[in-house]
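J.: Return atomic coordinates for the entry below.
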Amino acid sequence: MNFFKSLSVRLKLLTLLWLVIAVASISYTLLLSWRLEGSAAAINDIGSLRLRSFRIALLIRENAGAEEIEQRLQQYDSILDNVRHGDRSRPLFLPPDKVVWQRFNELDQQWRQNIRPAFQVAYRQNRPVTDKQLQPFLSRLDGLVSAVEQANTRYISWLRLFQSCLLVLVVMSSAFMVFLLYWWIIKPLQHLQQGVAAIHDGQFGIQIPIDHSAEFARVDNGFNQMSGSLHKLYSHLEEEVLEKTRDLASKHHTLETLYFFSRFLSQTQTTTEAAEVFLQKMLEMVAADAGSIRLIDFKRQRMDLVSQIGLPDSLQTAEACQRFDDCLCGHAVLHDDWQPIRFVREPDGHAFDTDNSECSRMGFRQLRIFKIQYKAQDFGMVTLYFKQKEPVAMADTELWEALCSQFGVVVSNLRLIDESRQLAVLQERNLIAQGLHDSIAQALTFLNLQVQMLESALQNQEQEQINENLHYIKDGIQECYDDVRELLINFRTKINNKDFTEVVQTLTDRFQRQTQIGVHLHWHGNGPQLNSEQQLQVVFILQESLSNIRKHSQATEVDIRFDNRQDFVMEIEDNGRGFNIERLKEQHSGNHVGLNIMHERAQRIRAQLSLHSKPGSTRVTLNLPYEERRQV
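T.: Numbering: from 1, shown residues only. Now for the predicted structure:
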């Protein structure tokens, strides 16, 4: 029965039934019309037999030829055969009526046994056929025609009756279809329309009747569910709006707090300053009675106090508060237990971490500890002290943990900055030491050797040697003075806010004034500027190259070319005497230290330094690839 609950199945079955009835009715009416048409043709042919009988009798009376009379008799036989067997192409056939076929058989028998032989005898004996001989046959002929007409009359009556029935059927089926359409389609649609109108008027929760058809039943159920959901939604809409508003306000407060702390912490320069700012802002928000920030030193197994507000002096200096194993805060660090610590008993007598610690003796009822962490590394803890019950503001644990993690990022960055500064200082000290060794140490060694030679000359009273040694000592002291002065100038070199080209121009102008060596600057390309670190190292390498030219090359001209396109390329070429690079490396002379300094400075900015020398020319090339410039 569930099969017939489907509206589509019902409509298909009704359509199929109506189609079968219509096809059957039309087919039957066509059959009746076809029979009427065939009977009418039979009446015409049978009626023509009367005329043909008189024609044959007339031909015999007029002594017509036997051939013509036989032809007429054969045509007569052909007509009777056509009437008997029918001709569907015309159409022509007798009605399937017993009386009609009985009279036709009698007529055919009388023709073949009586009338046709009589005609043949008459034209052979040359005597006419009388009306008395034809009258019985013609009477049977009229009776057959009458029987066929009666059959046609019945067919016409049946045809009219059936057409009337078809008309009644069409009217009744139309009325029935209208009724079914209303009951199956229009009425359910009206229910849906009424439900939609009720929803439009704000009557949420209205329910419509479930239709019997499967399709409309699903639609009705869906509408009822939608109406119920709308009713539930609008009933609790105000509460949901308030809840969403509170949630948005909470998220806005969280973002505002994170931005607030981030802005203040980004302005701090030291860990202590950052801790003081962080703790002050945090106490203002949670209304704690006291607070402290301790940084953890796992090597010493101690906790160093870096900032406190409202903390009693005894807690600031207590030895137990500085060791992991003697303090509840340290216990939380060791066991990764960051739950609230309470020192009171509840009214039901249940104890919460009752303890005779220093915090409890100072009157604090509860502690709240948050770890300072960044990338799974613990830096310390923030401890908040409460003399009363923990305020509601502390309920948002995720916010305070996020703030402490943000503080952990600041601590980590400050430590990295401090380590970077220390590393930079160490690197610069190393470069200074190498520079001193490259210049001052060599000069002092030379002066020491000349002093020894001077003492020997004085003992031997060698005046010429004495004068020569004094000259060398004087030149050595002047060269040492120049080296010290140049080192001081180089170490003081800063880019500041000057343009890079201006710094290079100032450096080359000073070199030209001091050495009287011609310097030619060439600039090519308009690529992106170097950052401050890259500019500083390039200037240092240029200074070192010019210093080597002054001391060793005996050059008169220096060409300096800067190519700032994709890669940044600096070339320094002189027309001096040149030197053997391989021999210099094998000798490990002091001059080789200056080359090491240049290579180290190039490595700092991930650049490549190359040196080419031959008699009459030395070229130093610094190449900073485009990829390294872009990464920086």
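
J.: Would you map the strands across the stretch 201-350 of the chain?
T.: Shown for the stretch 201-350 of the chain, the strands assigned by DSSP state E, counting those that start in this stretch span residues 290-297, 302-309, 341-342.

J.: what's the average pLDDT for the host helix or strand of residue 620?
T.: Taking DSSP states H and E as the definition, residue 620 sits inside strand 617-624. Mean pLDDT, strand 617-624: 93.

J.: same for that strand, what does it pack against?
T.: Judged by 3 or more C-beta pairs under 8 Å, 6 or more residues apart in numbering; DSSP states H and E, strand 617-624 is in contact with helix 532-548, strand 568-574, strand 608-614. C-beta: built from backbone N, CA, C; applies to glycine.

J.: Turn those into JSON lines, including distance to residue 456.
T.: Formatted as JSON lines, these follow (distance: least, C-beta to C-beta, whole Å):
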{"stretch": "helix 532-548", "distance to residue 456": "33"}
{"stretch": "strand 568-574", "distance to residue 456": "38"}
{"stretch": "strand 608-614", "distance to residue 456": "37"}
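
J.: Which parts of stretch 530-538 count as buried, going by neighbours?
T.: 530, 534, 535, 536, 537, 538 (16 or more other C-beta atoms under 10 Å).

J.: wait, the fifth one sits on residue 601?
T.: The reference is to residue 537. Yes - with contact defined as C-beta atoms under 8 Å, residue 537 reaches residue 601; the gap is 4.6 Å.

J.: Which stretches in the stretch 451-600 of the chain count as helices?
T.: Secondary structure of the stretch 451-600 of the chain by DSSP state H, counting those that start in this stretch: the helices cover 463-491, 500-515, 532-548, 581-587, 591-604.

J.: between those, which gets nearest to residue 74?
T.: Closest to residue 74 of the helices of the stretch 451-600 of the chain, according to C-beta to C-beta: helix 532-548, at 129.6 Å.

J.: Direction-wise, compare the closest one with strand 617-624 and give the angle.
T.: Interaxial angle, helix 532-548 versus strand 617-624 (axes from the mean of the first three to the mean of the last three C-alpha atoms, to 10 degrees): 170 degrees.

J.: Are there helices or strands packed against helix 532-548, and which ones?
T.: Contacts defined by 3+ C-beta pairs under 8 Å, 6+ apart place helix 532-548 against helix 463-491, helix 500-515, strand 568-574, helix 591-604, strand 617-624.

J.: got these as TSV, with mean neighbour count and distance to residue 245 columns?
T.: TSV is the format used below for the helices and strands packed on helix 532-548 (neighbours: other C-beta atoms under 10 Å; distance: least, C-beta to C-beta, whole Å):
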stretch	mean neighbour count	distance to residue 245
helix 463-491	15	63
helix 500-515	15	55
strand 568-574	21	56
helix 591-604	17	55
strand 617-624	20	56
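
J.: Let's have the ones you listed in JSON lines, adding distance to residue 80.
T.: Converted to JSON lines, the helices and strands packed on helix 532-548 look like this (distance: least, C-beta to C-beta, whole Å):
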{"stretch": "helix 463-491", "distance to residue 80": "145"}
{"stretch": "helix 500-515", "distance to residue 80": "131"}
{"stretch": "strand 568-574", "distance to residue 80": "125"}
{"stretch": "helix 591-604", "distance to residue 80": "130"}
{"stretch": "strand 617-624", "distance to residue 80": "125"}
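
J.: weakest of those by average pLDDT?
T.: Mean pLDDT is lowest for helix 463-491 out of these, coming in at a mean of 71.

J.: Compare the strands of the stretch 201-350 of the chain and give me the one nearest residue 406.
T.: Using C-beta to C-beta as the measure, strand 290-297 is the one of those that comes nearest residue 406, at 13.4 Å.

J.: what helices or strands is the closest one leaning on?
T.: Other elements packing on strand 290-297 under the criterion 3+ C-beta pairs under 8 Å, 6+ apart are helix 271-286, strand 302-309, strand 377-386.

J.: May I see these organised as a markdown table, with mean neighbour count, mean pLDDT and distance to residue 609 added?
T.: Putting the helices and strands packed on strand 290-297 into a markdown table (neighbours: other C-beta atoms under 10 Å; pLDDT from 0 to 100; distance: least, C-beta to C-beta, whole Å) gives the following:
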| stretch | mean neighbour count | mean pLDDT | distance to residue 609 |
| --- | --- | --- | --- |
| helix 271-286 | 18 | 79 | 38 |
| strand 302-309 | 18 | 80 | 44 |
| strand 377-386 | 21 | 78 | 37 |
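
J.: Of the ones you listed, which is nearest residue 558?
T.: For the helices and strands packed on strand 290-297, the distance to residue 558 is smallest for helix 271-286, at 48.4 Å, taking C-beta to C-beta.

J.: can you list the residues that contact that closest one?
T.: Outside helix 271-286, the residues within contact range by C-beta atoms under 8 Å, 6 or more residues apart in numbering are 257, 260-261, 264-265, 268, 288, 291-293, 295, 306-310, 382, 384, 391, 393-394, 400, 403, 407, 410-411, 414-415.

J.: hmm, back to that, generate CSV for the buried residues of stretch 530-538, with pLDDT and distance to residue 78 as supplementary columns.
T.: Formatted as CSV, those follow (pLDDT from 0 to 100; distance: C-beta to C-beta, whole Å):
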residue, pLDDT, distance to residue 78
530, 86, 124
534, 86, 125
535, 86, 128
536, 83, 132
537, 87, 130
538, 90, 129
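
J.: And those, which is closest to residue 568?
T.: Checking these against residue 568 with C-beta to C-beta, the nearest one is residue 530 at 6.5 Å.

J.: hey, where'd the helices end up in the stretch 301-450 of the chain?
T.: Along the stretch 301-450 of the chain, the segments classed as helices by DSSP H, counting those that start in this stretch run 313-317, 328-335, 358-361, 397-436, 442-460.

J.: how about stretch 362-376: buried residues?
T.: In terms of neighbour count (16+ other C-beta under 10 Å), stretch 362-376 has its buried residues at 362, 364, 365, 366, 367, 368, 369, 370, 371, 372, 373, 374.

J.: what mean pLDDT does the longest helix anywhere in the chain have?
T.: Determined from DSSP state H, the single longest helix within the chain is helix 7-61. Here helix 7-61 scores 82 as its mean pLDDT.

J.: could you give the angle of the helix or strand following it to helix 7-61?
T.: Per DSSP H and E, helix 7-61 leads on to helix 66-85 as the next helix or strand towards the C-terminus. When the same axes, to 10 degrees is applied, the directions of helix 66-85 and helix 7-61 differ by 160 degrees.

J.: Can you name the residues in contact with helix 66-85?
T.: Taking C-beta under 8 Å, 6+ apart as the rule, helix 66-85 contacts 42, 45-46, 48-49, 52-53, 55-56, 59-60, 92-94, 104, 107-108, 111, 116, 119-120, 123-124.

J.: What's opposite the residue lying closest to residue 368 once chain neighbours are set aside in the beta bridge?
T.: Closest residue in space to residue 368, ignoring its immediate chain neighbours: residue 384 at 4.5 Å, by C-beta to C-beta, 6 or more residues apart in numbering. Using DSSP bridges, the bridge partners assigned to residue 384 are residue 291, residue 368.

J.: For residue 384, give me its contacts.
T.: Counting by C-beta under 8 Å, 6+ apart, residue 384 makes contact with 282, 283, 286, 288, 290, 291, 367, 368, 369, 370, 394.

J.: Turn the residues you listed into JSON lines, including distance to residue 208.
T.: Formatted as JSON lines, these follow (distance: C-beta to C-beta, whole Å):
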{"residue": "282", "distance to residue 208": "59"}
{"residue": "283", "distance to residue 208": "62"}
{"residue": "286", "distance to residue 208": "56"}
{"residue": "288", "distance to residue 208": "61"}
{"residue": "290", "distance to residue 208": "67"}
{"residue": "291", "distance to residue 208": "64"}
{"residue": "367", "distance to residue 208": "63"}
{"residue": "368", "distance to residue 208": "58"}
{"residue": "369", "distance to residue 208": "61"}
{"residue": "370", "distance to residue 208": "58"}
{"residue": "394", "distance to residue 208": "53"}
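
J.: Among the residues you listed, which one sits closest to residue 606?
T.: Checking these against residue 606 with C-beta to C-beta, the nearest one is residue 370 at 40.6 Å.

J.: Would you confirm that that closest one contacts residue 400?
T.: Yes - with contact defined as C-beta under 8 Å, residue 370 and residue 400 form a contacting pair (5.5 Å).
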